[in-house]
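Q: Whatever this is, show me its structure:
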Amino acid sequence: MQLDLIGTFVGGIAIKKSDNYSNFKDSIKGFGLVRLWVIILILVLAIVSSTLIWVTYNNTEQDLMNIANQINPDKVESGLTVEDYQDPATAIKVTSGIYVDRVKSLSIKDNLWTVDFYIWFKWKGDLNPGDSFQVIDGTVDPKDVKLIKNGVVGDETYALYKVTATITKKFDMNRFPVDDQFLTINIQDTADQRDKMIFVPDQEGSSVGSNVNTPGYGIVGFNMTEKPFNFNSTMGDPTVSSGTFSQLRTGILLSREDNSVLFVSLIGIFVAVLAALSSLFIMSFQGRFSMEGASMFVLITNMIFISNLVPTGVITVGHYVAALGFFIVAMCLVESSISIYYHKKGDEALARRLDLVTVPILALGFVVTVIAMIWAAW
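A: This next block holds a predicted model:
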């Protein structure tokens, strides 16, 4: 009898030790799985985030460089040489200025804008630039002569015109919704090439009217320069050899007035990501997958909304933020699938630990990446 009791006691201890060892082994295994999941999650998130930030930064640098090059008088453009930028000794200099009176319309979606402006010319010699000038990439309608004076200063002639022009403009929308825009009015003579006539910008007299309004943007800069422009063709004219004309370039730099466009265009993405992350706290997997599916639908809708605000085919910062949102929701779906697997195996504690470590990593990664992308695009 005593031997039986001792045997039972020893057997109980052995079973208890075996259970404790099994639990300890499962705990170590669970800890290793959670740690592995955290490493994979951070690694993949870092790759996706760094790629999006890098692409955004490069696009911003390219956009700013394009703006600077358009108005930089020393930037040698394609098809030209440094010698082409020298002032020809034979050219008659025509002092020209522009006063922007009104921006009638600005359609980023259609790549068009319409402007009313005054333009004046002062010159000496046998020319008439007011009759032969054109707006590059634009349609002039109408062009009204306001004033023509002869002998203003000596034998100098002065002419003033008011012009309404609709200009085709390829807007740089890679940084939308924190984009800047650079509107240019490029004036060029249709009759005389640069060896006969060259524009001289009237920097002092040119400006933008104080009442000029550009919807969604504020005017933060104005500049003028003269640059040669080469058509790379003589247009079949046997009397000319280069096809290089003097071009008066007027640039108006626009910047977003406030953050309302940023908030409106991205709010759906933030809501979708918040819903997907919140779903990981739900114990019902049916409800969890329903919320994550709804988040995907909201992201698709928001991406369509952003696409409708910009020209067709343009990929913007808004699209990159939406792509990051898709990634976050996709990782929530993957984690939920892993969690339900261990939940059905009876390891609810491990499943819950996976849920709880996933939320802060994805939430922090999303917030930091979005802030970094917007900062890089600003």
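
Q: Okay, and residue 252 sits in which element?
A: Here residue 252, judged by DSSP states H and E, is contained in strand 244-256.

Q: Parallel or antiparallel, list what pairs with that strand.
A: Here strand 244-256 has these sheet partners by DSSP bridges: strand 180-189 (antiparallel), strand 217-230 (antiparallel).

Q: mind listing the helices for the stretch 101-250 of the chain?
A: 129-132 (DSSP state H, counting those that start in this stretch).

Q: rewinding a little: how about the strand holding residue 252: buried residues?
A: 244-254, 256 (16 or more other C-beta atoms under 10 Å). Where C-beta positions appear, they are placed from N, C-alpha and C, glycine not excepted.

Q: same question, stretch 107-119
A: The neighbour-count check on stretch 107-119 (16+ other C-beta under 10 Å) flags 108, 112-119 as buried.

Q: go on, stretch 349-366?
A: Within stretch 349-366, the residues scored as buried using 16+ other C-beta under 10 Å are 350-355, 357-359, 362, 365-366.

Q: And those residues, which is closest to residue 263?
A: residue 366 (16.5 Å; C-beta to C-beta).

Q: The closest one: helix or strand, and which one exactly?
A: Here residue 366 sits within helix 348-377, counting by DSSP H and E.

Q: related to what we said a few turns ago, give me whichever of the strands paired with strand 244-256 is most buried.
A: Most buried of the strands paired with strand 244-256, by mean neighbour count (mean count of other C-beta atoms under 10 Å): strand 180-189, with a mean of 21.

Q: Output the below-cut-off pLDDT ranges for the stretch 51-200 of the chain.
A: Scanning the stretch 51-200 of the chain for pLDDT under 70 picks out 151-152.

Q: the inter-axis angle of the top strand by length along the chain versus strand 244-256?
A: Scanning the chain for the longest strand, with DSSP state E as the assignment, gives strand 92-107. Computed by axes from the mean of the first three to the mean of the last three C-alpha atoms, to 10 degrees, the angle separating strand 92-107 from strand 244-256 equals 40 degrees.

Q: What are the buried residues along strand 92-107?
A: So strand 92-107, judged by 16+ other C-beta under 10 Å, has buried residues 93-94, 96-101, 103, 106.

Q: With stretch 72-84 instead?
A: Of the residues in stretch 72-84, 80, 84 count as buried by neighbour count, 16+ other C-beta under 10 Å.

Q: Distance from that stretch to the middle of the chain?
A: Centre-to-centre, stretch 72-84 and its host chain are 28 Å apart (C-alpha atoms, centre = their mean, to the nearest Å).

Q: same thing with stretch 278-296?
A: Using C-alpha atoms, centre = their mean, the offset of stretch 278-296 from its chain centre is 32 Å.

Q: Stretch 135-150 too?
A: Its chain's average C-alpha position is 34 Å from that of stretch 135-150, according to C-alpha atoms, centre = their mean.

Q: can you list contacts of it?
A: Stretch 135-150 is contacted from outside by 118, 130, 134, 157-169, 185-188, 229, 247, using C-beta atoms under 8 Å, 6 or more residues apart in numbering.

Q: now stretch 326-335
A: Contacts of stretch 326-335 (C-beta under 8 Å, 6+ apart): 37, 41, 44-45, 48, 272-273, 276-277, 279-280, 289, 292, 295-296, 299, 354-355, 358, 362, 365-366.

Q: Quick check: residue 121 vs residue 314, distance?
A: In this structure, residue 121 and residue 314 are 37 Å apart, going by C-beta to C-beta, to the nearest Å.

Q: neighbour count winner among those two?
A: The residue with more neighbours, out of residue 121 and residue 314, is residue 121; 24 against 18, by other C-beta atoms under 10 Å.

Q: Just to check, the more buried one is in contact with residue 130?
A: Yes: using C-beta atoms under 8 Å, residue 121 makes contact with residue 130 at a distance of 5.6 Å.

Q: Spit out the residues that contact those two alike.
A: Listed as contacting both residue 121 and residue 130 by C-beta under 8 Å, 6+ apart are residue 159.

Q: Pull the distance from stretch 91-101 to the chain's centre.
A: Using C-alpha atoms, centre = their mean, the offset of stretch 91-101 from its chain centre is 33 Å.

Q: do stretch 46-58 as well
A: 14 Å.

Q: What residues sit buried inside it?
A: So, applying 16+ other C-beta under 10 Å, buried residues of stretch 46-58: 48-49, 52-53, 55-56.

Q: next one: stretch 313-329
A: 314-329.

Q: among the residues you listed, which one has the lowest pLDDT?
A: Comparing pLDDT over the buried residues of stretch 313-329, the lowest score belongs to residue 314 (88).

Q: Report whether the expected contact of that residue with residue 175 is present.
A: No: taking C-beta under 8 Å as the definition, residue 314 is not a contact partner of residue 175, at 10.7 Å.

Q: Just the mean pLDDT for stretch 210-228, thanks.
A: For stretch 210-228, mean pLDDT rounds to 90.
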